[in-house]
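Based on what follows, work out the 3D shape:
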Amino acid sequence: MPDWVETLRGLILFIVWAVLALRISALWRAPQRPVWVVLLVLATGSLMIQAPVGKWLDGTTGVAKAGELAVALVALTDFAAVWWFAVALHRAGHATPAWLRRAPAVSAAAMAALAVAFFVVTPAPDRFGAQAHGWWAGYAVAWITFGLVTAVGAGALFWRHGITMRSPVLRLSMLALAVGTTAELPYLVIRAIRWFTEAPPTLALVGFWCSFTRFVLVALGCSLAALEPLRRAALYWYRRQRLYGLWMLLRQATPELVVLTPRSRTSDLLTFTNAWEQLHQRVIDIRDSITFLHDGWASPQLLQEAARHAGVDGGRVEGAGGRDGVDGGRDEGDRRRDEGDRSRDGGDGSRVEVDGSRDEAERLVAVACWIETTRRDALAGASKLHHELDKDLLPDVQASESTVHREIRHLLRLHRALRTRAVQVFADTVDHRPPAPAAP
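Modelled structure (predicted):
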């Protein structure tokens, strides 16, 4: 066996133990518990196969080959735990019969009982030998049957879900588990041949590589699955932090909507719990503040001026000046843009990136113009206008768990637009509020 094999085995075990320590909280979460248990069994098995452990068990119990029996019990627990993990994964989205839910535990208990029974009745020299003789042949048949059932049962489920899994990380995890459990099948066939025939050494080497492949892929697959919730939580935390600037800017202008005092930057950075809920709430807060500014301080004249300033369809905004709108003095050739353009000049050399045409960039600047103006009015304590306005210049809503990254990109582009010179100049110069009544 090459030296690198033991090096790789040691590296995998280090990863497994690190994941076990990092994801200890999975024990208290039923959906995540099976994968943690599989990793624990793999890590325990790596300790049990060490020769000093086997000798210590033999000497402590006074029973010949008690250490090898312990290794066999840990191995069958490993087989059953991987199957249990596959069934638990399947149960998350499919109706699963009661017999299948119980099958991993029942089969493991039955195999453990058979292993102990055959160990007791078989003479010590025949136990765990290169070939199966006497009573030990019964153990060999039971072991091969148990291994095939668990490998086929787990492998079929992993292949099914590995192909359809939406998350790239979980898909890779499931496919690694699928290949790993499939590699167990030729290993079991080879083991059966070696137990009952005079097999060439080459066959034993092939069996070793199949077993080693199973160990590596199952360990890595389970590690990826165990770390996926942590990765997602970190991603949601990062996205929430990116929205902090826009969120705070708008919440300061709309204190009427604030139920709890906004967290400081440091406190927000140190908040890691309920990552998805926190991110979702931040998007809702931003949307609520924008709508509140729109309904309270925006006017038809402001929306029309914002659209004209940004060049949105010549300044035409439904509900903000009639369907015909007002031409901002730009001819048709100036208003038409190549659809391939993906940004708008912010007036100071900055670019407002968009994932669409020039028209989308212009609309984004128009939205930023009226938001910045109404935000300043709200902060200054200006009276509300309460106009009945169309919703044409409210930001597009794209929020759902599967598209939240697009929603966040859209809001971040809006935040960049708010800081551009073109928007700031508009907010400085626009006059959209009715004149104050003359003093009597």
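
Okay, strands next: where are they in the stretch 51-200 of the chain?
Using DSSP state E, counting those that start in this stretch, the stretch 51-200 of the chain contains no strands.

residue ranges of the helices in the stretch 251-400 of the chain, please?
For the stretch 251-400 of the chain, applying DSSP state H, counting those that start in this stretch gives helices covering 265-269, 275-297, 300-310, 332-335, 358-379.

can you tell me which of the ones you listed comes nearest to A70?
helix 275-297 (41.0 Å; Cβ to Cβ). To be clear about C-beta, it is placed using only N, CA and C from the backbone, and glycine gets the same treatment.

The closest one to helix 300-310, inter-axis angle?
110 degrees (axes from the mean of the first three to the mean of the last three Cα atoms, to 10 degrees).

helices or strands up against helix 275-297?
Helix 275-297 is packed against helix 201-242, helix 244-253, helix 358-379, helix 404-418, with contacts defined by 3 or more Cβ pairs under 8 Å, 6 or more residues apart in numbering; DSSP states H and E.

Quick check: which of those is buried the most?
helix 358-379 (a mean of 24; mean count of other Cβ atoms under 10 Å).

pLDDT of it, averaged?
Mean pLDDT, helix 358-379: 90.

which secondary structure elements does that helix contact?
The criterion is 3+ Cβ pairs under 8 Å, 6+ apart, and the helices and strands that helix 358-379 contacts are helix 244-253, helix 275-297, helix 300-310, strand 343-345, strand 351-353, helix 404-418, helix 421-429.

Looking at those, which is nearest to R91?
helix 275-297 (22.1 Å).

Buried residues, the closest one. List them.
Neighbour-count burial for helix 275-297, with 16 or more other Cβ atoms under 10 Å as criterion, is recorded at 275-276, 278-280, 282-283, 285-287, 289-290, 292-297.

cool, stretch 127-135 as well?
Those would be 127-128, 132, 135, for stretch 127-135 by 16+ other Cβ under 10 Å.

And that stretch, end to end?
Using Cα to Cα, to the nearest Å, one end of stretch 127-135 lies 9 Å from the other.

Now do that stretch: distance to the chain's middle.
Mean-position distance between stretch 127-135 and its chain equals 48 Å (Cα atoms, centre = their mean, to the nearest Å).

Residues touching it, excluding its own?
Applying Cβ atoms under 8 Å, 6 or more residues apart in numbering, the contact partners of stretch 127-135 are 64-65, 68-69, 72, 118-119, 121-123, 126, 136, 139-140, 194-196.

For ChimeraX, write a command that selects the buried ones of these.
Selection of buried members from the contacts of stretch 127-135 for ChimeraX, criterion 16+ other Cβ under 10 Å:
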select :65,68,69,72,118,119,122,126,136,139,140,194,195
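
Keep only those of the contacts of stretch 127-135 that are in helices.
Using DSSP state H, the members of the contacts of stretch 127-135 that fall in helices are 68-69, 72, 118-119, 121, 136, 139-140, 194-196.

who's in contact with A298?
By Cβ under 8 Å, 6+ apart, the neighbours of A298 are 370, 374, 385, 387, 389.

Let me know the closest of those to R419.
W370 (15.4 Å).

mind listing what T254 touches?
By Cβ under 8 Å, 6+ apart, the contact list for T254 reads 288-289, 292-293, 378.

and the spatially closest residue to E68 that is not a sequence neighbour, how far is that from W136?
Of all residues not flanking E68 in the chain, F128 sits nearest, at 4.5 Å (Cβ to Cβ, 6 or more residues apart in numbering). Remark: distance between F128 and W136 (Cβ to Cβ, to the nearest Å) = 8 Å.

and if you look at I12?
I12 is 31 Å from W136, by Cβ to Cβ.

Likewise for E68?
12 Å.

Please apply the same query to R421.
R421 is 84 Å from W136, by Cβ to Cβ.

I15 too?
Taken as Cβ to Cβ, the span from I15 to W136 is 36 Å.

swap in W84?
28 Å.

just L69 next, same as before
Taking Cβ to Cβ, one finds L69 at 12 Å from W136.

what do you get for V82?
From V82 to W136 the distance is 25 Å (Cβ to Cβ).

If we only consider the buried residues of stretch 127-135, which is nearest to E407?
For the buried residues of stretch 127-135, the nearest to E407 is F128 (59.6 Å; Cβ to Cβ).

which secondary element of the chain has the worst mean pLDDT?
When the helices and strands of the chain are scored by mean pLDDT, DSSP states H and E, helix 332-335 comes last with a mean of 37.

re earlier: let's have the helices of the stretch 251-400 of the chain in TSV, adding distance to L235.
Listed next are these as TSV, based on distance: least, Cβ to Cβ, whole Å:
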stretch	distance to L235
helix 265-269	15
helix 275-297	8
helix 300-310	33
helix 332-335	40
helix 358-379	25
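
Nearest to Q32, out of these?
Of those, nearest to Q32 by Cβ to Cβ is helix 275-297, at 14.8 Å.

now that closest one against helix 404-418, angle please.
Using the same axes, to 10 degrees: helix 275-297 against helix 404-418 is 40 degrees.

Need the mean per-residue confidence for helix 275-297.
92.

do the same with stretch 118-128
Mean pLDDT, computed over stretch 118-128, is 93.

what about it, distance to the chain center?
Counting by Cα atoms, centre = their mean, stretch 118-128 is centred 49 Å from the centre of its parent chain.

Endpoints of it, how far apart?
End residues of stretch 118-128 are separated by 11 Å (Cα to Cα).

Identify the spatial nearest neighbour of D377, chain neighbours not counted.
Here the residue nearest D377, using Cβ to Cβ, 6+ apart, is W297, at 4.5 Å.

my read: that neighbour touches L379, true?
No: W297 is not in contact with L379 according to Cβ atoms under 8 Å; the separation is 10.3 Å.

Distance check, the nearest residue to S173 once chain neighbours are set aside against A43.
Of all residues not flanking S173 in the chain, L224 sits nearest, at 3.8 Å (Cβ to Cβ, 6+ apart). Here the criterion is Cβ to Cβ. By it, L224 lies 16 Å from A43.

Equivalent analysis for S107, please.
For S107 relative to A43 (Cβ to Cβ), the value is 22 Å.

again, but for I408
Distance of I408 to A43, computed by Cβ to Cβ: 38 Å.

so who does the residue found closest to G67 once you drop the neighbours it is linked to in the chain touch?
In this structure, G67 finds its nearest non-sequential neighbour in G54, 2.8 Å apart by Cβ to Cβ, 6+ apart. By Cβ under 8 Å, 6+ apart, the residues touching G54 are 48, 67-68, 70-71.
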